[in-house]
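**Q** Any chance you could fold what I've pasted below:
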Amino acid sequence: MKHRRIPKRRVVMTGAGIAALVVAGVTFQTANASETPKTPAPQTLSITAAGKLASTLGKDLGADAAGTYYDAKSQHLVVNVLDETAAKTVAAAGAKARIVENSLAELKSARTTLKQDATIPGTSWATDPATNKVVVTADRTVKGAALEKLTKVVDGLGAKAELQRTKGEFKPFIAGGDAITGSGGRCSLGFNVVKDGQPYFITAGHCTEAISTWSDSSGNEIGTNEQSSFPDNDFGLVKYTGSVDHPSEVDLYNGSTQKITKAGEATVGEKVTRSGSTTQVHDGTVTGLDATVNYGNGDIVNGLIQTDVCAEPGDSGGSLFDGDTAIGLTSGGSGDCTSGGETFFQPVTEALSTFGAQIG
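**A** Numbers count the residues shown, from 1 in each chain. Next up, the predicted model:
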């Protein structure tokens with residue numbers, strides 16, 4: 001009986017096949033182990049949550065942070081950073097990272113240059129995180145040699161700044177929610193506040209610089225100035241003297257009011273509402289922070305909130321808010337509520353801090 005021998009060639013091939021499978025297995029495992037982890041998707045955030053996260057990331061990133069803004073459509077916080085390492089930190093925290101060219105220090109330097117070389121009546125500038133530039137705006141009064149000078153300074157800043165024009169004229173809106181009057185002028189009440197257990201209200205500083213005793217729309221005296229700061233800032237504190245209700249609410253001019261329970265910081269991209277005695281209630285978006293405005297009369301105000309909300313004379317001092325959160329006091333701007341324009345607001349938090357007052 002003959003025994004059939006298995007050819008060696010077949011054994012070798014089988015061994016080679018096994019070896020190949022083992023090598024392939026090692027190769028696949030190695031490939032899987034070295035894959036780059038996927039970047040986490042940005043979290044859907046409310047504007048309040050986005051503001052808190054922006055503050056936290058600003059501290060964590062330090063000099064690597066280059067500005068933030070809220071994308072209202074996607075409900076994501078967008079954070080500008082300078083490198084991939086910072087971008088990973090942002091993504092891990094739940095925000096959307098965006099690598100940009102200009103640092104906050106470079107943009108601050110550009111603003112310093114503008115202040116030194118281009119403080120021209122009828123101009124404003126604010127850092128725009130969406131473009132990663134300082135956006136300089138010139139109103140219709142800036143022309144001739146002044147416009148040439150401004151253009152030269154902005155061009156000299158290169159990619160750190162850009163120049164825009166507005167058809168209106170920058171001016172304080174003196175003529176707040178509800179109308180308050182005095183000495184022939186009219187402004188708007190901003191927010192009712194409490195200081196040392198006593199009732200007060202806050203309004204624009206250019207209003208309290210011009211008028212010292214205030215009456216309501218019926219002519220009844222309601223308060224006298226306690227403190228005032230304008231220019232540089234634009235806020236004033238008025239102490240109630242008359243017998244009048246002072247709820248922590250904003251007039252919506254439709255028979256209802258919006259209760260105000262707290263004050264908060266503005267975020268670029270935030271949807272906001274303004275109430276004022278001339279044009280009543282209008283909505284819009286925060287477009288810039290820490291804005292500097294050179295009003296046509298030579299007054300300069302710093303640290304303002306820039307928006308695309310419309311306003312007109314008499315709306316000064318009026319309320320800028322987001323739901324139950326007080327955001328700003330109407331300072332001034334350009335345009336009107338027919339053609340539109342830009343409006344700047346004094347941050348409420350700064351006024352409350354200065355006065356030692358609280359929303360209440």
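**Q** hey, let's count contacts and neighbours off CA atoms from now on
**A** Noted.
**Q** Please parse the chain into its domains.
**A** According to automatic domain parsing, the chain comprises the domains 47-99, 104-165, 166-360.
**Q** mind putting the ones you listed in JSON lines, distance to residue 41, mean neighbour count and mean pLDDT included?
**A** Shown next, in JSON lines, are those (distance: least, C-alpha to C-alpha, whole Å; neighbours: other C-alpha atoms under 10 Å; pLDDT from 0 to 100):
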{"stretch": "domain 47-99", "distance to residue 41": "7", "mean neighbour count": "19", "mean pLDDT": "94"}
{"stretch": "domain 104-165", "distance to residue 41": "20", "mean neighbour count": "19", "mean pLDDT": "97"}
{"stretch": "domain 166-360", "distance to residue 41": "20", "mean neighbour count": "22", "mean pLDDT": "93"}
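**Q** hey, what's residue 214 bridged with?
**A** residue 223 (DSSP bridges).
**Q** Once you drop chain neighbours, what's closest to residue 141?
**A** Distances taken as C-alpha to C-alpha, 6 or more residues apart in numbering place residue 122 nearest to residue 141, at 6.2 Å, with adjacent residues excluded.
**Q** any idea how far stretch 221-236 is from the chain center?
**A** 24 Å (C-alpha atoms, centre = their mean, to the nearest Å).
**Q** which stretches of the stretch 1-150 of the chain form strands?
**A** Along the stretch 1-150 of the chain, counting by DSSP state E, counting those that start in this stretch, strands occupy 65-71, 76-81, 96-99, 123-128, 133-138.
**Q** The longest one: partners in the sheet, and parallel or antiparallel?
**A** For strand 65-71, the pairing partners within the sheet under DSSP bridges are strand 76-81 (antiparallel).
**Q** now the strand it pairs with, how far from the chain's geometric center?
**A** 13 Å.
**Q** Would you mind listing the outside residues contacting it?
**A** 42-45, 50, 54, 64-71, 87, 90, 95-100, 103, 129, 132 (C-alpha atoms under 8 Å, 6 or more residues apart in numbering).
**Q** what about the helices in the stretch 1-150 of the chain?
**A** Taking DSSP state H, counting those that start in this stretch to define them, one finds helices in the stretch 1-150 of the chain at 8-34, 47-61, 84-93, 104-117, 144-156.
**Q** which secondary structure elements does the last one contact?
**A** The helices and strands touching helix 144-156, judged by 3 or more C-alpha pairs under 8 Å, 6 or more residues apart in numbering; DSSP states H and E, are helix 104-117, strand 161-165.
**Q** Run the angle between the first one and strand 161-165 for me.
**A** Here helix 104-117 runs at 50 degrees with respect to strand 161-165, directions being taken by axes from the mean of the first three to the mean of the last three C-alpha atoms, to 10 degrees.
**Q** Packing partners of helix 104-117?
**A** strand 65-71, strand 133-138, helix 144-156.
**Q** what angle do it and helix 144-156 make?
**A** Using the same axes, to 10 degrees: helix 104-117 against helix 144-156 is 160 degrees.
**Q** swap in the last one?
**A** Counting by the same axes, to 10 degrees, strand 161-165 points 150 degrees away from the direction of helix 144-156.
**Q** next structured bit after strand 161-165?
**A** strand 171-172 (DSSP states H and E).
**Q** Name all residues that make contact with residue 333.
**A** Applying C-alpha under 8 Å, 6+ apart, the residues contacting residue 333 are 169, 170, 171, 172, 173, 311, 341, 342, 343, 344.
**Q** Excluding covalently adjacent residues, which one is nearest to it?
**A** Residue 333 sits nearest to residue 343 (C-alpha to C-alpha, 6+ apart), 4.3 Å away.
**Q** can I assume residue 43 is in contact with residue 97?
**A** No. At 11.9 Å, residue 43 and residue 97 do not qualify as touching, with contact defined as C-alpha atoms under 8 Å.
**Q** And residue 322, its phi and psi?
**A** phi -130, psi 100 (degrees, to the nearest 10).
**Q** got a list of what it touches?
**A** Residue 322 sits in contact with 271, 272, 273, where contact means C-alpha under 8 Å, 6+ apart.
**Q** Over to residue 266?
**A** 51, 286, 289, 305, 327, 347.
**Q** ok, now how distant is it from residue 116?
**A** 27 Å (C-alpha to C-alpha, to the nearest Å).
**Q** Can you name the helix or strand that residue 304 falls in?
**A** Counting by DSSP H and E, residue 304 is part of strand 300-307.
**Q** Dump that strand to CSV, keeping only the CA atoms.
**A** Extracted as CSV, the C-alpha positions of strand 300-307 are listed here (Å, rounded to 0.1, in the frame of the first residue of the first chain):
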residue,chain,number,x,y,z
ILE,A,300,-15.5,110.2,22.4
VAL,A,301,-17.0,107.1,24.1
ASN,A,302,-15.2,103.8,24.6
GLY,A,303,-16.1,100.3,25.4
LEU,A,304,-19.5,100.3,23.7
ILE,A,305,-21.6,97.4,22.3
GLN,A,306,-22.1,97.8,18.5
THR,A,307,-25.3,96.5,16.9
